[in-house]
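Trainee: A predicted structure for the sequence below; I have some questions about it.
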Amino acid sequence: MDIAIIPAYNPDEKLLELVRNLRESGLETIIVVNDGSEHGTIHIFDQLKKYVTLLNHEINRGKGAAIKTALAYIEKNPGEIDGIVLLDADGQHRTEDALRLLKELQRNQDSLVLGVRQFKGNIPFRSLFGNTVTKFVFRMISGKWVSDTQTGLRAFSKAMVPKLIAIKGERYEYEMNVLLSCAKSDIRIAQVPITTIYHDEKNTCSHFRTIRDSVRIYGNILAFSGTSFLSFLLDYILFFILVQIFMSWFLKSDAVVLGNIAARLISGAFNYYLNSTFIFKEENNRFKSMISYAMLAGFILFLNTAILYILYDYLGLNRAIAKLITELLLFIISFTVQKFIIFNKGLKRRSHLKGGNNL
């Protein structure tokens, strides 16, 4: 038996059509979660009652919470389940594609199967831009390439249900957290091309809140960016103060190099404290991570100084501009190494102790 889950917030007749198509295709076990929809849409759910298992939220809690509610229902009502497929309620997913995902899942039971859109032709700018940015952010954070990180069409086995329930996130960030958790746990992410359907040029059917939900999705890298920016400000200010002091004793070009090294040492210690305490939350082997961080800082310092020296001394750029360009070039290197090498073991250890589910 396969199960379809459809989280729904203020749906229209497209949800009725989707349920009808799923039932006609043979996928008759359907769970619809009314995520605190407005009273004006209640008639839609009333028409569905006799065809689906209808679960209700008193207030709007978010797509992630709605998915978890359905998963918790499945966990409490065990049965012979071959596969589970998630679909959006806005009519953007075809029944044929949902069935193709379930068929792929039969061949890869241990995988998370994604229905990935092709993004060709007349695609709403918001959707195209959002997915382009998100897939590159996901690549940088996870080290894995997924062509459509924002797809809501996904299939997985019943064995994954406890893991998916435990993953953090209540709204749209939940879907990104699922991908990150799978990537970190080395769960294969299979990708099946699907038809791209948008009902208008601005994709107004979507309840995605551009600013608020983007902040939730990009939270990890935004937090890292914040600590990096604070460290950058400290480094930048100290750089000019120390260069001015060193110029009293050394040549101008030497003063720039020495000022950069001294500023980097101080700001590096500050950055390690912020990242190890608040971002990656290293609780064990802090001494080991400190040594690894120091090695990274030394390598970054070498690159930082070399690039700065070339830009300032040989290319003749203004030292403020040279410093800014140098910091931007090294940001991605620093994040990637810290995420996957220095603090990665600590993350995996905590994930294992908590059941391998938390990000």
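Mentor: Nice, I can see it. Numbers count the residues shown, from 1 in each chain.
Trainee: all helices for the stretch 101-250 of the chain, in order.
Mentor: 125-142, 161-166, 173-184, 210-217, 219-246 (DSSP state H, counting those that start in this stretch).
Trainee: lowest average pLDDT across the ones you listed?
Mentor: With a mean of 51, helix 210-217 has the lowest mean pLDDT of the helices of the stretch 101-250 of the chain.
Trainee: secondary structure class for residue 34?
Mentor: Put simply, residue 34 is strand when judged by DSSP: H, G, I helix; E, B strand; the rest coil.
Trainee: and the one 10 residues further on, by the same measure?
Mentor: Secondary structure of residue 44, reduced to three states by three-state DSSP: helix.
Trainee: burial of it, as a residue count?
Mentor: Neighbourhood size, residue 44 [other C-beta atoms under 10 Å]: 21. To be clear about C-beta, it is placed using only N, CA and C from the backbone, and glycine gets the same treatment.
Trainee: so who does the residue nearest to it when sequence neighbours are not counted touch?
Mentor: Excluding the flanking residues, the one nearest residue 44 by C-beta to C-beta, 6 or more residues apart in numbering is residue 11, at 5.3 Å. Residue 11 sits next to 37, 41, 44, 89, 90 when contact means C-beta atoms under 8 Å, 6 or more residues apart in numbering.
Trainee: where in the stretch 251-359 of the chain is pLDDT low?
Mentor: Under the criterion pLDDT under 70, the flagged ranges of the stretch 251-359 of the chain are 275-276, 278-289, 292-293, 296-297, 332-333, 335-359.
Trainee: how about the strands in it?
Mentor: Counting by DSSP state E, counting those that start in this stretch, the stretch 251-359 of the chain has no strands to list.
Trainee: show me where it has its helices.
Mentor: Going by DSSP H, counting those that start in this stretch, the stretch 251-359 of the chain shows helices at 252-274, 286-309, 319-337, 344-353.
Trainee: pairing partners for the helix or strand harbouring residue 7, with directions?
Mentor: Element membership for residue 7, per DSSP states H and E: strand 2-8. Applying DSSP bridges, strand 2-8 is found paired with strand 29-35 (parallel), strand 83-86 (parallel).
Trainee: now find how far off-centre that strand is within its chain.
Mentor: 22 Å (C-alpha atoms, centre = their mean, to the nearest Å).
Trainee: can you dump the C-alpha atoms of that strand in CSV for me?
Mentor: The C-alpha trace of strand 2-8 is given here as CSV (Å, rounded to 0.1, in the frame of the first residue of the first chain):
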residue,chain,number,x,y,z
ASP,A,2,1.2,3.5,-0.9
ILE,A,3,0.2,6.6,1.0
ALA,A,4,-0.1,10.2,-0.3
ILE,A,5,0.3,13.1,2.1
ILE,A,6,-1.0,16.6,1.2
PRO,A,7,-0.5,19.5,3.5
ALA,A,8,-3.1,22.2,2.7
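Trainee: quick check: next helix or strand after it?
Mentor: Criterion used, DSSP H and E; the element after strand 2-8 is helix 13-24.
Trainee: in that next one, what counts as buried?
Mentor: 14, 15, 16, 18, 19, 21, 22, 23 (16 or more other C-beta atoms under 10 Å).
Trainee: which secondary structure elements does it contact?
Mentor: strand 2-8, strand 29-35, helix 42-48, helix 95-107 (3 or more C-beta pairs under 8 Å, 6 or more residues apart in numbering; DSSP states H and E).
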